[in-house]
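>>> Just need the structure, nothing else, for what follows:
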Amino acid sequence: MKVFQGIEELSRAVGTHLGYSDWHTVTQKQIDTFAEATGDHQWIHVDPAKAARGPFGGTVAHGYLTLSLVPVLVWQVYEVEGLAMGINYGADKLRFPSPVPVDSRVRAGVELLSLVPGGGGHQARTKVTIEREGGDKPVCVVEAVSILVP
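Numbers count the residues shown, from 1 in each chain. A predicted model of the protein is given here:
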């Protein structure tokens, strides 16, 4: 994990790749729990028997479940000391280029695109690319926008 000593030090990292998170295994229990929380019970996610005969050969994680992993994975990549708080502001350019089969291992790579004053602090824009171990394409690519308040 990279630890930045405040906003000024973070600003010097704009345009660089900050690193990768640890690998995270996406389990059927996690998929089922996400389905319960969101009401999205589509068979490709929650019916292993039917999904085995489907286009992916088994169940796959919801795209928005994959997106919801962004905070926990990014927190493993970098930290900025001296902040009162950091809050999610939004996301741009969200894509799910490839599915996440059950029991896949995923990790996030993070690139700091910009850091500008705004929103009561500094607006940080990162490109987060979640990849699947052994996959040939990313499973999620998003520009995540956060407000970092000193």
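>>> What's the mean pLDDT across the helix or strand where I44 lies?
If you go by DSSP states H and E, I44 is part of helix 43-46. Mean per-residue pLDDT for helix 43-46: 98.
>>> Tell me where the protein has helices.
Remark: helices assigned in the chain by DSSP state H are 7-11, 28-38, 43-46, 48-52, 63-68, 70-74.
>>> In CSV, list those along with distance to I87.
Any C-beta I mention is one placed from the backbone N, CA and C, and that applies to glycine too. Supplementary listing: the helices of the chain in CSV, determined by distance: least, Cβ to Cβ, whole Å:
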stretch, distance to I87
helix 7-11, 15
helix 28-38, 21
helix 43-46, 29
helix 48-52, 36
helix 63-68, 16
helix 70-74, 11
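>>> For S104, which of those is the nearest?
Nearest to S104 among the helices of the chain is helix 63-68; the distance by Cβ to Cβ comes to 9.8 Å.
>>> ok, back up a step: output the helix holding I44 in PDB with nothing but the alpha carbons.
The C-alpha trace of helix 43-46 is given here as PDB (Å, rounded to 0.1, in the frame of the first residue of the first chain):
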ATOM      1  CA  TRP A  43     -30.700 -17.000 -12.900                       C
ATOM      2  CA  ILE A  44     -27.200 -16.300 -14.300                       C
ATOM      3  CA  HIS A  45     -26.300 -15.100 -10.800                       C
ATOM      4  CA  VAL A  46     -28.200 -17.300  -8.400                       C
END
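>>> Ignoring the adjacent residues along the chain, who's closest to G86?
Once flanking residues are discounted, G86 sits nearest to L148: 5.0 Å by Cβ to Cβ, 6 or more residues apart in numbering.
>>> wait, isn't the one you found in contact with Y78?
No. Shown here, L148 and Y78 do not form a contact pair, counting by Cβ atoms under 8 Å, at 11.1 Å.
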